[in-house]
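Enquirer: 3D model of this:
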Amino acid sequence: MKKDKPLVSVITPCYNGEKTIKRQMDSIIQQTYRPIEYILINDGSTDSTEKIVKQYEKKFKDANIDLKYIYQENKGLGGAINTGIKLFTGDYLCWPDADDYLEHDSIEKRVAFLEKHPDFGVVSSDASIYNSDDLSKCIGFVSGKREDRFNENQFELLLKEQSIFCPGCHMVRTQALLDVNPNRDIYEARRGQNWQILLPIYYKYKRGFIDEPLYNYIVYPVSMSHEEESLEKELFRADEHETIIINTLNRINMNNSERQYYIDFIKERYIRKRFNIYCKYGEKNLLNKEFDKLKQLGKCTKEDLNCKLSNNYKIYGIILKIVNRLRRFINGQDN
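Expert: As a prediction, this is how the structure comes out:
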């Protein structure tokens, strides 16, 4: 008797996606693989997202794809993914963003890998990067073509933010997800869903890698994004990320000493992130406090000291710039 093909669930959180959601839904309909369960979480959109999705209901039905559309009050990406995790029924799961899109054989190739390698909990692929104003020209790849993209053990690399983070690049085995997250829930935050889904699986399972771009990641100019930077926004994001990661580490089944080692690593990492943010915005008093924390931990670097002195003493910063320019000139790197 022929075995039924495994069901793939695709969860897409969407907020005010009227300009991009058609492209993503078209990429799902054009997948060479079936069966697919497509769960679109409308996270409180105020534009015509719902109207567009309703127009696609027949297209999904004709394409033999099970569309599940859910509207909820705005909770952010983490909250939308949390809703989808409780509802999906597939053997495999992926969660692309609403403004990106998949290559037509993306799901088929990932399923084939996981079917062939039952001891792997996740498979990831590369992704092409495009500017939103020119989708005809690839400007790079999310892997950066680093050698560690082939590493089967991605847990520490993800903690160091050296692992592929783009959400649509991943497909997880449901059995592995439920093994490490039997309650089907994540900490609801505006962002950070990838850490919460992937870290527990990476801790226990191997990750495979397909070295081709099966996903298309769209980047936007700052003027078009919702995230024009400011001191307050950068600090909020850093604090939220630190909270999410530590919350996730506390939920992973590991011994206490190992957990504390990773929590201390993250705390140090985010002290330095805040220190660098304060340096960027010239907040002398605050950067000095973060510098003192690094000093107490014995983790100060020469770059940290130069940043502190440059912000506290303008003449030092001027001299440092002159010295660095002279070095580049001597090395033939200055124009």
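
Enquirer: Tell me where the stretch 1-150 of the chain has helices.
Expert: 21-29, 49-55, 57-62, 76-87, 106-116 (DSSP state H, counting those that start in this stretch).

Enquirer: which of those has the lowest average pLDDT?
Expert: Across the helices of the stretch 1-150 of the chain, the stretch with the lowest average pLDDT is helix 76-87; it has a mean of 92.

Enquirer: Any stretches of this structure with poor pLDDT?
Expert: 1-2, 222-228, 316-317, 320-321, 323-324, 326-327, 329, 332-335 (pLDDT under 70).

Enquirer: what's the residue closest to the geometric middle of it?
Expert: Residue closest to the mean C-alpha point of the chain, counted by CA atoms, centre = their mean, is residue 165 at 3.7 Å.

Enquirer: Residue 21 contacts residue 50, doesn't it?
Expert: No: with contact defined as CB atoms under 8 Å, residue 21 does not reach residue 50; the gap is 10.0 Å. Where C-beta positions appear, they are placed from N, C-alpha and C, glycine not excepted.

Enquirer: Just confirm residue 27 contacts residue 98, I think it does.
Expert: No: the criterion here is CB under 8 Å, and residue 27 misses it with residue 98 at 11.1 Å.

Enquirer: Show me this protein divided up by domain.
Expert: 8-223, 231-330 (automatic domain parsing).

Enquirer: Of the ones you listed, which stretch is the most buried?
Expert: Mean neighbours per residue, mean count of other CB atoms under 10 Å, is largest over these for domain 8-223, with a mean of 18.

Enquirer: Return the distance of it from the chain's centre.
Expert: On the basis of CA atoms, centre = their mean, to the nearest Å, domain 8-223 sits 10 Å off its chain's mean C-alpha point.

Enquirer: do the same with stretch 304-317
Expert: 33 Å.

Enquirer: got the contact list for it?
Expert: 272, 275-276, 279, 282, 284, 287-288, 291, 294, 320 (CB atoms under 8 Å, 6 or more residues apart in numbering).

Enquirer: cutoff 10 Å now
Expert: With contacts defined as CB atoms under 10 Å, 6 or more residues apart in numbering, stretch 304-317 is touched by 272, 275-276, 278-285, 287-288, 290-292, 294-295, 300-301, 318-321, 324.

Enquirer: The longest helix along the chain packs against which elements?
Expert: If you go by DSSP state H, the chain has its longest helix at helix 256-280. Applying 3 or more CB pairs under 10 Å, 6 or more residues apart in numbering; DSSP states H and E, we find helix 256-280 packed against helix 155-159, helix 193-204, helix 231-251, helix 284-296, helix 302-312.

Enquirer: Of all the ones you listed, which one is nearest residue 115?
Expert: helix 193-204 (17.4 Å; CB to CB).

Enquirer: picking that back up, list residues touching both of residue 21 and residue 50?
Expert: 14, 40, 42.

Enquirer: I figured the first one was touching residue 21, is that so?
Expert: Yes: look at residue 14 against residue 21 with CB atoms under 10 Å: they come within range, at 5.8 Å.

Enquirer: residues touching residue 25, list them.
Expert: So residue 25 contacts 12, 14, 17, 38, 40, 52-53, 55-56, 59-60, 65, 67, 98, 101 (CB under 10 Å, 6+ apart).

Enquirer: Repeat the analysis, applying 8 Å as the threshold.
Expert: Applying CB under 8 Å, 6+ apart, the residues contacting residue 25 are 38, 40, 53, 56, 59-60.
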